[in-house]
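Colleague: A structural model of the following input is requested.
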Amino acid sequence: MKEKVAIYPGSFDPITSGHLDIIKRSAGMFDKLIVAVMSNHRKMGTYAFSVEQRVEFVKKCTKDLPNVVVDSSMGLLADYAREQNAIAIIKGLRAVSDFEDEFQQALINKKLNENTETLFMAANTEHMFLSSSMIKQVCILGGDVSPFLPEEISKEIIEKLKG
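Modeller: This next block holds a predicted model:
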C-alpha cells in the first residue's frame, strides 16, 4: 500500500505553539508528515531567522514525532508536493481572514498539481490569536512570549529576538 504523505508548509519564523499543535494533529492522520520550511517571496529580507535556524527549531520541537520529517524548499509548493509524492497539503486557519488567501493558494496549487489536495485545519481556540509576527513584535518590545512558544526552543528564540 502506498505511503500517505502530507506536507505542512510555512515560514515558521519562528515556529509557535499553534504550529506545533497543527503538526501533532496532522502527524496522527498521515504515514509521513513533511514540515516544509518555505521562503515567502513577499517576506524576503524580513525574516528574523535564517532558513537553517528555522529548520533546526522545527527539528527540536518534533524530535519525538517519528513520522515527521523537516525539510526546506525555495520553490513552488505544488512542485515540491509532486517531488515528495504528497497527497495533501495541510494549511492551518486561525480566523476567517486567513481563509481567503489560503483558499486562493489552494486553487493555484491544485491547477499546478492536480494530484495533491489542500486540507484546512482549524486552529485550537487556545492558539487562534497566535502569529509569528505578533510574537516577534511583543518579544522585541519586552513582553513575555514564552507561553506562546514550544518549550524546547522558547529560551533560544527569546534570546535571539532580544539580541
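Colleague: number of residues surrounding the closest residue to K60 other than its chain neighbours?
Modeller: Once flanking residues are discounted, K60 sits nearest to E152: 4.7 Å by Cβ to Cβ, 6 or more residues apart in numbering. To be clear about C-beta, it is placed using only N, CA and C from the backbone, and glycine gets the same treatment. E152: 17 surrounding residues under other Cβ atoms under 10 Å.
Colleague: local confidence estimate at E152?
Modeller: On the pLDDT scale, E152 is placed at 94.
Colleague: summarise which helices and strands the helix ranked longest in the chain is packed against.
Modeller: Ranked by residue count, the top helix of the chain under DSSP state H comes out as helix 96-112. Judged by 3 or more Cβ pairs under 8 Å, 6 or more residues apart in numbering; DSSP states H and E, helix 96-112 is in contact with helix 77-83, strand 88-93, strand 117-122.
Colleague: ranking the ones you listed by burial, who's on top?
Modeller: Among the helices and strands packed on helix 96-112, strand 88-93 has the highest mean neighbour count (mean count of other Cβ atoms under 10 Å), at a mean of 21.
Colleague: how far is that strand from where the chain is centred?
Modeller: 9 Å (Cα atoms, centre = their mean, to the nearest Å).
Colleague: need the residues that contact that strand.
Modeller: Contacts of strand 88-93 with the rest of the structure, by Cβ atoms under 8 Å, 6 or more residues apart in numbering, involve 4-9, 18-19, 22, 26, 30, 33, 77, 81, 98-99, 102, 105-106, 109, 116-123.
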